[in-house]
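Q: Make a model of this:
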Amino acid sequence: MAVVTTKHDRIAATIRRQIIANELRAGESIPSYRELVARHGVAVSTVRQAVGMLQTEGLIKPVPGKGCVVSAPPDGRELLAAVVLGKSNPLLILDTINTIEGFLTEKRCDVLVRYIRSPADLDLEQVTNVARRMGGVLLCGSVPVHLLSSLQETGAPCVLVGDALDGDCPMDINQVTVDLEAIVQLGFSHLTALGHRRIGLVRSAGSRYANRLGSILRECAAESPLGIRVSETIWSERGPEAKVSFESVLPPPGERPTALLVDSATRAMRIVDDLRAAGISVPGDVSVLAISEGLVIDDAHRGLSRVEVSFPRLLQRAVEIACDLHRSPSRLCHREQLSPHFIGGDTCSPTAEDRPSTFTLAANRH
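A: Numbering: from 1, shown residues only. Next comes the predicted model:
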C-alpha cells in the first residue's frame with residue numbers, strides 16, 4: 001500500500017475509502033469545499049487538489065447545483081489504461097497514449113488513461129481502487145509483478161502488453177507479447193543468407209529480455225550446419241557506456257563480426273553513426289540489423305534494417321482482447337505471441353570478406 005504523505009493525498013484517501021466502503025454512494029454529494037477546509041484545517045487550494053485527484057480517478061464528477069457527486073459504476077464502456085513508461089521519451093509516451101485512446105474509440109469504449117512516471121511512483125492503492133470500478137485494465141511499459149498480482153485480486157479483466165518488468169506474468173493475467181524466438185531466428189536467417197558467418201549480438205546489461213536474446217542466438221548457431229560463430233558485446237547508448245565509442249569495444253580485427261544484431265533500434269542507430277565516424281563502412285564492412293520487441297520507430301530510424309513487431313499492432317491486439325473480455329467474460333486466460341516481420345533498410349548487405357575492406361584499414365590505423 002502506498003504511503004500517503006501530503007495533505008491533499010490524505011484528504012483524497014479519506015474520501016476514497018468512504019466511496020469504496022459505500023459510505024458515500026453513487027449520486028451522493030461529497031462534502032463541500034468549505035466543509036473539507038474546516039474539517040482538515042487546510043487551504044482551499046489543497047482541497048481543490050484532492051478533489052481533482054478523485055475526478056481524475058473517475059470516482060467523482062461535478063454536477064451543477066450539487067457540487068461533486070460520487071460517480072455511478074461504469075456501464076461497461078470504460079477501460080482503465082495504466083501506462084508505465086518511466087524510461088521512455090515524452091514523444092513515445094504521447095504516441096502510446098494517443099494510440100490506446102484511438103483504438104478504444106474505434107471499439108466504442110471510453111478510456112481513463114493513467115501515466116505513471118516509473119514503478120517507484122506507483123500508488124498501488126489508487127490504481128487498484130480505480131480498477132475495481134472499471135470494466136478492464138490495459139497495462140504496458142515497465143509494469144512490476146506486484147501491480148499485476150494486486151490487480152488480479154480486484155477481479156477486473158487485465159491485459160498486459162509485453163512482459164512484466166521483474167518476473168513472470170501471473171497465470172490469470174491476459175498477455176499480448178512478441179515471439180522473441182521468431183525475432184532472433186528471422187534476424188539470424190537473414191544474416192546467414194547474406195553469407196555472414198561471424199555474427200555479434202550487441203545488447204544492454206541486466207534485463208531479462210537482453211539475456212534471453214543471447215541464449216536464443218547461441219541456440220540458432222548451434223543448430224546451424226554453417227559453422228556460425230557468435231559473440232556478445234554489452235554496450236548502451238545511455239549511461240557510462242555512452243561516452244565510449246562503440247568501435248572501441250569491438251574485438252580485435254581478426255575476430256570481429258561481419259554483422260551485428262542489436263537489441264534496439266535506437267542503439268543500432270548510434271552504432272551505425274559510431275562505426276561510420278571511425279571510417280568503417282555500414283553495410284560495406286559490417287552489417288547492422290536491429291531486432292526490436294515492439295518499440296515505436298520514429299523518423300530517426302528510417303533506413304535501418306530491422307526485425308520487429310510494431311508497437312501499435314501490439315496495442316491494437318491488446319485492446320481487442322480487453323474489450324472482448326469485458327463484453328463476454330471468460331475464465332480462460334488469453335496469452336498471445338505476435339510474429340515479427342522484416343523491414344528492409346540500407347544497413348545490411350552480403351558479407352564483404354572476400355575483398356579488402358575499410359574495416360581492416362581503419363583497424364590498422366588504431
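
Q: measure the residue of the chain most remote from its centre to residue 305 for me?
A: Distance to the chain centre peaks in the chain at residue 38, reaching 43.9 Å (criterion: C-alpha atoms, centre = their mean). Noted for residue 38: a distance of 66 Å to residue 305, by C-beta to C-beta, to the nearest Å. In this view, the C-beta of every residue, glycine as well, is placed from N, C-alpha and C.

Q: Please apply the same query to residue 32.
A: Using C-beta to C-beta, which is the criterion applied here, residue 32 is 62 Å from residue 305.

Q: Those two - which one has more neighbours?
A: Using other C-beta atoms under 10 Å as the criterion, residue 32 and residue 305 rank with residue 305 on top: 23 against 13.

Q: Residue 291 is in contact with the more buried one, correct?
A: No - assessed by C-beta atoms under 8 Å, residue 305 is found out of contact with residue 291, at 10.2 Å.

Q: which residues does residue 57 contact?
A: Residues touching residue 57, when contacts are defined by C-beta atoms under 8 Å, 6 or more residues apart in numbering, comprise 16, 112, 126, 129, 130.

Q: so how far is residue 13 from it?
A: Residue 57 is 11 Å from residue 13, where distance means C-beta to C-beta.

Q: Repeat that for residue 211.
A: When distances are taken as C-beta to C-beta, residue 211 and residue 13 turn out to be 40 Å apart.

Q: which one of the two has more residues nearby?
A: Comparing residue 211 with residue 13 by neighbour count (other C-beta under 10 Å), the higher total belongs to residue 13, at 19 against 13.

Q: name the element the more buried one belongs to?
A: Here residue 13, judged by DSSP states H and E, is contained in helix 7-20.

Q: Residues touching that helix, excluding its own?
A: Defining contact as C-beta under 8 Å, 6+ apart, one finds that helix 7-20 is touched by 4, 24, 30-31, 36, 40, 42, 46-47, 49-51, 53-54, 57, 59-60, 70, 125-126, 129, 132.

Q: State the next helix or strand along the chain beyond that helix.
A: Scanning forward in sequence from helix 7-20, with DSSP H and E defining helices and strands, the next element found is helix 33-40.

Q: Now intersect the contacts of helix 7-20 with the helices, please.
A: Cross-referencing those against helices under DSSP state H gives 36, 40, 46-47, 49-51, 53-54, 125-126, 129, 132.

Q: Spatially, which two of those are the most separated?
A: Across those, the longest distance by C-beta to C-beta is 26.2 Å; it joins 46 and 132.

Q: So for these two, which residue has more residues nearby?
A: The residue with the greater number of neighbours, taking residue 46 and residue 132 and applying other C-beta under 10 Å, is residue 46; the counts read 19 against 14.

Q: Identify the residues contacting the more buried one.
A: Contact criterion C-beta under 8 Å, 6+ apart gives 7, 8, 11, 40 as the residues in contact with residue 46.

Q: Now stretch 157-169: buried residues?
A: The neighbour-count criterion (16 or more other C-beta atoms under 10 Å) identifies 157, 158, 159, 160, 161, 162, 163, 164, 165, 169 as the buried residues of stretch 157-169.

Q: again with stretch 247-266
A: Within stretch 247-266, judged by 16+ other C-beta under 10 Å, the buried ones are 247, 250, 256-266.

Q: Stretch 176-185 now?
A: Along stretch 176-185, these residues count as buried under the neighbour rule (16+ other C-beta under 10 Å): 176, 177, 178, 179, 180, 182, 183, 184, 185.

Q: Quick check: of those residues, which lies closest to residue 285?
A: Nearest to residue 285 among the buried residues of stretch 176-185, with distances taken as C-beta to C-beta, is residue 184, at 23.3 Å.

Q: where does the closest one fall, helix, sheet strand or coil?
A: Under the three-state scheme (DSSP: H, G, I helix; E, B strand; the rest coil), residue 184 adopts helix.

Q: Touching, it and residue 220? I think so.
A: Yes - taking contacts as C-beta under 8 Å, residue 184 lies within contact range of residue 220: 6.4 Å.

Q: Specify the beta-bridge partners of the most centrally placed residue in the chain.
A: When C-alpha atoms, centre = their mean is applied to the chain, the residue found nearest the centroid is residue 141 (3.0 Å). Per DSSP bridges, the residues bridged to residue 141 are residue 84.

Q: now it: how far from residue 107?
A: The span separating residue 141 from residue 107 equals 21 Å under the rule C-beta to C-beta.

Q: Just to be sure, residue 209 is in a helix?
A: Yes - following the definition three-state DSSP, residue 209 is counted among the residues of a helix.

Q: which sections of the stretch 51-200 of the chain are below the confidence cut-off?
A: Counting by pLDDT under 70, the low-confidence segments of the stretch 51-200 of the chain come to 73-91, 108, 110-112.
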